[in-house]
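Peer 1: below is the structure, and that's it, no one-letter string:
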């Protein structure tokens, strides 16, 4: 790996190594720029260090405490954070639907929410670039987009997917093999030895150990970035910046072990996610002339329906979410704006048991008896759009972490739109599960993914960054992560984060030519 | 310290330790007391539960009558019943070693399995103890009645029987304990108790026993134990403490504690949650990556944590709550509360908390204190359930959120344990790793099972 001196001035410091950072690292380094990536977590060796154990793999999550407030406080930790070289993509589900074009202009269509300051056509080439490079597996024909082609044949359906297809057929809702960023055949891309096909171990959310089968950043964009001369520094938590008289950023200050180190740079890409990015900016008092940093926090409506099947499901086997339906992106009978997609669910036992104990509220013998049926359970879950609200925001709390940086406090309450969407999805999924032969069906209300808090927009007065992720206030600060989304979109966010990252990097190269 | 309901029918005792394991019942030598174990008990670690007893006439039981071996055994028996112990080890030293053996015979005859084993430290044998006549009379003469010069004679008793290497503060304390005794008890043991012949009645005991003898002990050392005690023990080992004489717990507390720990832990290793052989075979097989196997084997050894995170009362309350939230009827349940405390003690949270709750450990302390204030651990199961329901009466309230955390944390500990994974027939541990010969799954459809996948074992950790 190429290395740089702290005192030398590199072209770009990238904060983070996840979905928003890794594509930027690869693109900028390949354009010949000197680039250093600062990652708060460690550098894992998956083959040697990852185990098939949920508790042991808890170290993949960001464990710095987040304080969750509001009427429907969202859970952090497991599902919504990551640490380590590769970021939360180390444990992502690799479920990669594209954003629906209608979701990008929700305000225009409905008067609610916010439009993206860009169109689906702007994103399309980047979607295709990411899908091609990662080796996305998907159906030959995608039912909701006839034009779309995926590079690899689909990943095998597991038992929950098979019963979901049966139930959905019975109630007249279309399904398809899901677009999945795991390779279904040996796949070669620049910078990494051949990635081997997914073996269906089911542990995607605990980190993939199988020779690059799942397209985490550590086997895709990061090797490419390293080959092009990027230096990645693990255990480096950025907590402040230095600026010159004109106000430009000139260095980032980060904690490495017991020491505070300074890396001089000409520009900064902040890619720390929708919690750490606004937390750092609020702490540093930067890029917030709009007052929008931390505002408009959104989380997907991620309601799940569970049932017991007479057949053995063994839902830990195979790709956790391998079937999708986009039929409900604009339901005809909806009493809400926007919509949701649904996916089959296999969840490994500790994660599942915890949500039964917390979410279903079972305890005592009924809990033990229910968990005994693990091998017969399967679920189906929604991922639905969420509107931005003034009352949903991230702020700095009055508690500090070990470095003296205030802990973030996130206020999140469902509005009527989210509540109705959740109920609509629960009703449909319950009907499908009944039709598929499930009994003891129950609904688990939850939200997932962290979105918003540094929204992009055309007007500096009401947005933090421009449509390419560049700060309105600080011309050499760019943000590339899910914080810039002005709308939540129904699609799982990672693919769109990566597409926007490539687009930001192109723009950066263009304006700095 | 537990309640003495009837000062004449039960013995004074000192309870310590908060772990889930069986209790070590520690008894003393002639002229000693509970304080004989002051150095040993802290060395066992705070998770080891101990109950020290003052035998009749000694320590804080000086006023309790009943000095014959039979009476002493009766009083210990009554006291243990009053303490309501599920499972325990008897640890007897010298005089109380004989009492322990007599009591063990009763338990064996009654088929009472609460007594798991014994540690006999330089025990007086079931047969009359071979004390030379002149020594016996000089001991009666020395401390048989209270008179001038007692302190010197008591000090002599503690230090001069043989060469003994005991720190002076410990000597001072032991001497003052000798002087606290009821002299009638001293006389009774020397004139009668030590001469009583229980050899026929004790016969040969079957339970596991560790006999510990001091190398320099001239009256009840290794050779005497081999000759007069071991013949009564069908399942015993003799451990010899080098350079030590008769007062092993105060002469060599580190070795004493180490021997106690090893003996009880070796016995209890079979006391861990039972995992069916087929599942253990799967764990040992090349279906698992070495990392996965290491994690599971570590978990099977049980939780470990340092002291000071919860008070004894908080921990007792947590254990009682765990029983209601995740009932386990297995004879060797998973130590769910222990795993939760270990996680709390590690200081490693799960990355977030509800704003209505304080930091994790504080929330636990507050929640458990509230339950403890309801006397939770001593309520009936129905009352306990009502208490837990009360926590979640107001949705979203701090108590409801903490109860949610408590359920989640206990459930994590339960589900992650190999005993539970075996019980549900979970195959995910066997997906292999980057370098194993088998990887992942091939048969994914409903009702498709690969030959190696385990079947559920509902009896694995529960009989319900």
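Peer 2: Ah, there it is. Treat the numbers as computed from the prediction; the structure is a model and nothing was measured.
Peer 1: ok, whatever residue of the stretch 301-450 of chain B ends up closest to chain A - contacts?
Peer 2: Residue of the stretch 301-450 of chain B nearest chain A, by Cβ to the nearest Cβ: residue B:440 (2.7 Å). For glycine as for every other residue, the C-beta is placed from the backbone atoms N, C-alpha and C. With contacts taken as Cβ atoms under 8 Å, 6 or more residues apart in numbering or on different chains, residue B:440 has the following neighbours: A:198, A:199, A:200, A:201, A:202, A:210, B:431, B:432.
Peer 1: with residue B:278 instead?
Peer 2: Contacts of residue B:278 by Cβ under 8 Å, 6+ apart are B:454, B:457.
Peer 1: one more time with 7 Å
Peer 2: Residues near residue B:278 by Cβ atoms under 7 Å, 6 or more residues apart in numbering or on different chains: residue B:454.
Peer 1: helix, strand or coil for it?
Peer 2: helix (DSSP: H, G, I helix; E, B strand; the rest coil).
Peer 1: tell me how far it lies from residue B:233.
Peer 2: 37 Å (Cβ to Cβ, to the nearest Å).
Peer 1: what's the closest non-adjacent residue to the residue of the stretch 301-450 of chain B closest to chain A?
Peer 2: Nearest residue to residue B:440 in three dimensions, chain neighbours excluded: residue A:199, at 2.7 Å (Cβ to Cβ, 6 or more residues apart in numbering or on different chains).
Peer 1: surely the one you found forms part of a helix?
Peer 2: No: per three-state DSSP, residue A:199 lies outside any helix segment and is coil.
Peer 1: any idea how far residue B:356 is from it?
Peer 2: Here residue A:199 is placed at a distance of 43 Å from residue B:356 (Cβ to Cβ).
Peer 1: who has more neighbours, the two?
Peer 2: Legend: neighbour count by other Cβ atoms under 10 Å in any protein chain shown for residue A:199 and residue B:356, higher for residue A:199 (20 against 17).
Peer 1: for the more buried one, give its distance to residue A:319.
Peer 2: Counting by Cβ to Cβ - residue A:199 and residue A:319 are separated by 10 Å.
Peer 1: how about residue B:250?
Peer 2: In this view, residue B:250 and residue A:319 are 65 Å apart by Cβ to Cβ.
Peer 1: neighbour-wise, which of these two wins?
Peer 2: More neighbours surround residue A:319 than the other of residue B:250 and residue A:319, with 32 against 23 (other Cβ under 10 Å).
Peer 1: report the contact partners of that one.
Peer 2: So residue A:319 contacts A:155, A:158, A:180, A:182, A:198, A:200, A:204 (Cβ under 7 Å, 6+ apart).
Peer 1: correct me, but the first one touches residue A:322?
Peer 2: Yes: Residue A:155 lies in contact with residue A:322 (Cβ atoms under 7 Å); the separation is 5.6 Å.
Peer 1: please enumerate the shared neighbours of the two.
Peer 2: residue A:180.
Peer 1: any idea how many residues pack against residue 9?
Peer 2: Just so you know, I chose chain A. Residue A:9 has 13 neighbours, counted by other Cβ under 10 Å.
Peer 1: sorry, I should have been clearer: chain B.
Peer 2: Per other Cβ under 10 Å, the neighbour tally for residue B:9 reads 14.
Peer 1: who touches it in this structure?
Peer 2: Contacts of residue B:9 by Cβ under 7 Å, 6+ apart are residue B:78.
Peer 1: element containing residue A:194, please.
Peer 2: strand A:192-195 (DSSP states H and E).
Peer 1: adjacent strands (with direction) for that strand?
Peer 2: strand A:187-189 (antiparallel) (DSSP bridges).
Peer 1: and the residue of the stretch 301-450 of chain B closest to chain A, how far from residue B:430?
Peer 2: Relative to residue B:430, and taking Cβ to Cβ, residue B:440 is found at 10 Å.
Peer 1: repeat for residue B:248
Peer 2: In this view, residue B:248 and residue B:430 are 49 Å apart by Cβ to Cβ.
Peer 1: can you check residue B:309 too?
Peer 2: Distance, residue B:309 to residue B:430, using Cβ to Cβ: 35 Å.
Peer 1: same question for residue B:179.
Peer 2: According to Cβ to Cβ, residue B:179 stands 66 Å off from residue B:430.
Peer 1: who's more crowded, the two?
Peer 2: Applying other Cβ under 10 Å to residue B:179 and residue B:430 shows that residue B:430 carries more neighbours, namely 24 against 16.
Peer 1: I'd say the more buried one and residue B:288 touch.
Peer 2: Yes: contact criterion Cβ under 7 Å: residue B:430 and residue B:288 qualify, at 6.0 Å.
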